[in-house]
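In: got a predicted model here, sequence first, then my questions.
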Amino acid sequence: MKQTMPIDGKFELMTLPYAPDALAPVISAETLGFHHGKHLNAYVTNLNAALPGSGMEGKSLEEVVLNAQGGMLNNAGQILNHNLYFSQFRAPRADNAPAGRLAQAIDEEFGSFEAFKEAFAKAGATLFGSGWAWLSANAEGKLVITQEPNAANPIQHSLRPLMTMDVWEHAYYLDYQNRRPDHLAALWQIIDWDVVAARYEE
Ligand code: MN
């Protein structure tokens with residue numbers, strides 16, 4: 001997994017690889033504006049403020065997630081989670097599905113892409129409170145779906161994160177209010193499977 005390094009002692013707010021309205025109507029420009037520009041930006045600001053004197057200066061974001069505790073771990077975890085989340089989307093497509101070796105691995109592990117989507121949606125819908133549903137690969141390349149509470153990331157269990165859905169209310173409340181399952185179902189239209197496949201092939 002690529003490491004995210006600080007620049008001049010600070011982590012930067014990631015740049016979105018698409019226009020603010022590119023994911024609409026699945027994720028509105030308004031939601032994206034708050035989620036990326038306010039929520040993620042606050043995690044970046046908070047982590048940078050906590051770095052001096054912490055012993056984590058100069059370490060990669062991933063190393064901070066693996067070694068920090070308390071508020072520093074929460075802010076670093078949320079930056080890593082959101083960087084993976086926001087960089088895995090593209091404009092909506094009706095027939096959006098993985099291809100190649102990743103598609104094969106999904107079929108082998110879950111039976112079919114439809115069965116995988118069902119299992120993943122269940123993981124997202126049944127996660128109590130705030131957190132993240134993840135598709136990851138283990139050391140042998142086997143695919144696994146996990147639920148991570150709050151700011152946790154699969155690298156904390158030696159898994160390689162491939163794809164994620166944010167189930168914190170801030171990810172969907174402006175567009176879907178309490179309808180978390182509807183939001184998760186819509187996200188399949190905007191998953192950039194080329195990005196997910198590249199993470200799988202790394
Ligand atoms: Mn979020």
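Out: Cool, got the structure. Numbers count the residues shown, from 1 in each chain.
In: list the buried ones in stretch 37-55?
Out: 40-41, 43-44, 46-48, 50-51 (16 or more other Cβ atoms under 10 Å). C-beta here means a position set from N, CA and C on the backbone, and glycine is covered the same way.
In: and stretch 99-116, by the same measure?
Out: Neighbour counts over stretch 99-116 (16+ other Cβ under 10 Å) mark 102, 105-106, 109-110, 116 as buried.
In: ok, now stretch 138-148?
Out: 143, 145-148.
In: for stretch 125-139, same thing?
Out: Quick answer for stretch 125-139 (16+ other Cβ under 10 Å): 127, 131-137.
In: now, which of those lie close to the ion?
Out: When contact is defined as Cβ under 5 Å from the ion, the buried residues of stretch 125-139 do not meet the ion at all.
In: for the ion, state which of the residues you listed is nearest.
Out: Trp132 (8.4 Å; Cβ to the ion).
In: nearest residue to that closest one other than its sequence neighbours?
Out: Glu148 (4.8 Å; Cβ to Cβ, 6 or more residues apart in numbering).
In: my read: that neighbour touches Pro154, true?
Out: Yes. Counting by Cβ atoms under 8 Å, Pro154 is a contact partner of Glu148 at 6.7 Å.
In: overlap in contacts, these two.
Out: Trp134 (Cβ atoms under 8 Å, 6 or more residues apart in numbering).
In: hang on, the earlier thing: hmm, the one helix or strand the residue nearest to Trp132 maps to in reach of the ion?
Out: Per DSSP states H and E: Glu148 is located in strand 143-149. No. If you take Cβ under 5 Å from the ion as the test, strand 143-149 misses the ion, and the best it gets is 12.4 Å.
In: burial check on the closest residue to Leu61 other than its chain neighbours, number of neighbours?
Out: Distance criterion Cβ to Cβ, 6+ apart; nearest residue to Leu61, sequence neighbours excluded, is Thr4 at 3.9 Å. Neighbour count for Thr4, taken as other Cβ atoms under 10 Å: 18.
In: what do you get for Asn81?
Out: Counted by other Cβ under 10 Å, the residues lying close to Asn81 total 26.
In: how about the helices in this structure?
Out: 29-34, 41-50, 61-67, 70-86, 100-110, 113-125, 173-176, 180-187, 193-201 (DSSP state H).
In: tell me what angle the second one forms with helix 70-86.
Out: For helix 41-50 and helix 70-86, the angle between their directions (axes from the mean of the first three to the mean of the last three Cα atoms, to 10 degrees) works out to 140 degrees.
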